[in-house]
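Next input, structure requested:
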Amino acid sequence: MLGDWVSIGYLFSAVLFILGLKQLGHPRTAPRGNQLGAMGMLVAVLTTVAEMQFGDGIEGWILIGSGLLIGSLIGAIMAIRVEMTGMPEMVALFNGFGGAASALVALSESWKYIEDSSLELPTGLDLQVVVVAAGLSALVGWMTLTGSLLAMLKLKGGVEIFGKWIRTPTWGPGWLNPIKAILFFGVLGLIYLSIDDPTNTDYLFAIIGISCLLGVLLVLPIGGADMPVVVSLLNSLSGIAAAFTGFIIGNSVLIVAGSLVGASGLILTFIMCKAMNRELKDVLFKAFGGSDKEQVTRTKVGSDADEVAMMVDGAQKIIIVPGYGMAVSQCQHQVKEFADLVSERFDTEVKYAIHPVAGRMPGHMNVLLAEANVPYDQLIEMDEINPELPEADIALVIGANDTCNPVARTKEGPLAGMPIIDVDKASTVVIIKRSLSVGYAGVDNDLFFMDKTMMLFGDGKKMMNELNAAVKEL
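Numbers count the residues shown, from 1 in each chain. This is a model prediction of the structure:
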């Protein structure tokens, strides 16, 4: 009877995961998708605890309760305090913790069977199978942890130690790829050796050490421009690690949830690669991003808000292009105010051009603009908005750089071949940016220096407030 209820609980949990994942496919339904996913995890945890309690009984309720309470508090505090600009770093961190948690459970479970051969193994498994699964979970889980930590530091730009800011390095000569291959096949070799000698725990510890090193070496050569792809891939790996662990402990919902995360993360990775015109193998092994940033030697005379407001007065169509600078300055509400102003005062058509990799993670701009209650039908994806840009009187770029850099149309540099938003085809380009500095990929932007371009130098929120005030005075 208990087994039936447990199966129903796990089935209900899996259904919630699937429905939640489906809801995450659109900004309008994404909040509900998060709620369904969280509810599915709660059902899974309660079902697992109930199965343990009514099965063999649970020892250490205080430890379990403390873990749930402390983990919930840490997650809630991080989610409440994190700024939208820090969301990609938090996602990368959670990916790493998810992979490490799965690897630790797999290690603990396999260790239990190795230490006490009298224990009953999960149905249909023998010790060799458990050890192999634990080795694979360790490979993926620990590699995900160290790779995610390094990805988080790359997204953050570095780390502050004793008051000194240290930049995260991007380094990886060509001879590093064979080393990565040797380490990977070395781990597979250790897993194979553990089949013949499953009680030798030295193999497991060696697998953990090499996997941690492999995670660092995998992410180290990849530049910032390709980091969204890496975060998506690491998300997929954390799910695969969970699926391996679910196989070891005989937990069907963990297998289902891990497989869903692994598959969806991999699909998202390929979508991101397509958006950047990259092959996944090139991102991982050719290190496009680079660490050398170009030095800007040209200058540009900045405009003021009154000049731009005069241009806005006669515009029939304005396309707004948000970027990471909008997220940093948190000016999405001022951007929405501007769109409402010009629509009401001048009957101007306003749309938003959304690049797939604008910001630091997929959907970053969609979430920010949804927070400001921008209508969803005004958020137009890159492929759909590009044909309209030659018709636009003004393209207003707020903190975007690499995603609208014309150099991407060439065959040289870190951005070579990456699809961009064609803002340079608009009649007038207005760019709000602190300076002429290069973007995340370290490449100078010719768009800044075109005759049709007007630069508003300054913080995004400050400049948008000035622009809105100037429009109101017309």
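
Under the pLDDT cut-off, which ranges of the stretch 151-300 of the chain? List them.
Counting by pLDDT under 70, the stretch 151-300 of the chain contains low-confidence ranges at 224-225, 287-295, 297.

Which stretches in it count as helices?
Along the stretch 151-300 of the chain, the stretches classed as helices by DSSP state H, counting those that start in this stretch are 176-196, 201-219, 227-249, 252-275, 280-285.

Show me which positions of stretch 40-53 end up buried.
In terms of neighbour count (16 or more other Cβ atoms under 10 Å), stretch 40-53 has its buried residues at 40-41, 43-44, 47-48, 51. Where you see a C-beta, it was placed from the backbone N, CA and C, and this is true even at glycine.

Including pLDDT, could the residues you listed go into TSV?
What follows is the buried residues of stretch 40-53, written out as TSV (pLDDT from 0 to 100):
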residue	pLDDT
Gly40	91
Met41	89
Val43	91
Ala44	89
Thr47	87
Thr48	83
Glu51	79
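
Of those, which is the nearest to Leu218?
Checking the buried residues of stretch 40-53 against Leu218 with Cβ to Cβ, the nearest one is Met41 at 28.1 Å.

Relative to Ile64, how far out is the closest one?
Computed as Cβ to Cβ, to the nearest Å, the Met41 to Ile64 distance reads 16 Å.

before we move on, what about Val367?
If you measure Val367 against Ile64 using Cβ to Cβ, the figure is 34 Å.

more neighbours, those two?
Neighbours of Val367 and Ile64, each counted by other Cβ atoms under 10 Å, are more numerous for Val367; the result is 18 against 14.

Which segments of this structure make up each domain?
Structural domains of the chain, as assigned by automatic domain parsing, span the residue ranges 1-81, 84-285, 305-472.

Output these as JSON lines; include the columns distance to Arg298.
Putting those into JSON lines (distance: least, Cβ to Cβ, whole Å) gives the following:
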{"stretch": "domain 1-81", "distance to Arg298": "38"}
{"stretch": "domain 84-285", "distance to Arg298": "22"}
{"stretch": "domain 305-472", "distance to Arg298": "6"}
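
quick one, which of those is nearest to Thr299?
For the domains of the chain, the distance to Thr299 is smallest for domain 305-472, at 7.4 Å, taking Cβ to Cβ.

quick one: average pLDDT of the closest one?
Mean pLDDT, computed over domain 305-472, is 89.

what's the helix or strand harbouring Ile77 packed up against?
For Ile77, the element it lies in under DSSP states H and E is helix 61-81. Packing partners of helix 61-81 (3 or more Cβ pairs under 8 Å, 6 or more residues apart in numbering; DSSP states H and E): none among the helices and strands.

Taking helix 201-219 as reference, get the angle to the following helix or strand past that helix.
Downstream of helix 61-81, the next assigned helix or strand under DSSP H and E is helix 87-115. With axes from the mean of the first three to the mean of the last three Cα atoms, to 10 degrees applied, the angle from helix 87-115 to helix 201-219 works out at 160 degrees.

Would you mind listing the buried residues in helix 87-115?
For helix 87-115, a neighbour-count test (16+ other Cβ under 10 Å) marks 87-107, 109-110, 113-114 as buried.

again with stretch 115-131
For stretch 115-131, the neighbour count (16+ other Cβ under 10 Å) marks 122, 127, 129-131 as buried.

quick one: which of those is nearest to His333?
Pro122 (53.0 Å).

Could I get the pLDDT score of the closest one?
Pro122 carries a pLDDT value of 67.

and of the domains of the chain, who's closest to Val296?
With Cβ to Cβ as the criterion, Val296 lies closest to domain 305-472 of the domains of the chain, at 5.0 Å.

ok so, going back, would you turn the helices of the stretch 151-300 of the chain into a markdown table with mean neighbour count and distance to Pro362?
Converted to a markdown table, the helices of the stretch 151-300 of the chain look like this (neighbours: other Cβ atoms under 10 Å; distance: least, Cβ to Cβ, whole Å):
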| stretch | mean neighbour count | distance to Pro362 |
| --- | --- | --- |
| helix 176-196 | 15 | 26 |
| helix 201-219 | 20 | 18 |
| helix 227-249 | 26 | 6 |
| helix 252-275 | 19 | 6 |
| helix 280-285 | 16 | 15 |
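
Need the contact partners of the helix holding Ile77.
The set of residues that contact helix 61-81 without belonging to it, under Cβ atoms under 8 Å, 6 or more residues apart in numbering, is 45, 49, 58, 90.

and the two most separated of these?
Farthest pair in the contacts of helix 61-81 (Cβ to Cβ) is Ile58 and Met90. Separation: 31.6 Å.

so how far is Pro322 from the nearest residue to Gln332 once chain neighbours are set aside?
Setting aside the residues directly before and after it, Gln332 is nearest to Ala372 in space (Cβ to Cβ, 6 or more residues apart in numbering), at 4.1 Å. Summarising the geometry, the distance separating Ala372 from Pro322, computed by Cβ to Cβ, is 10 Å.
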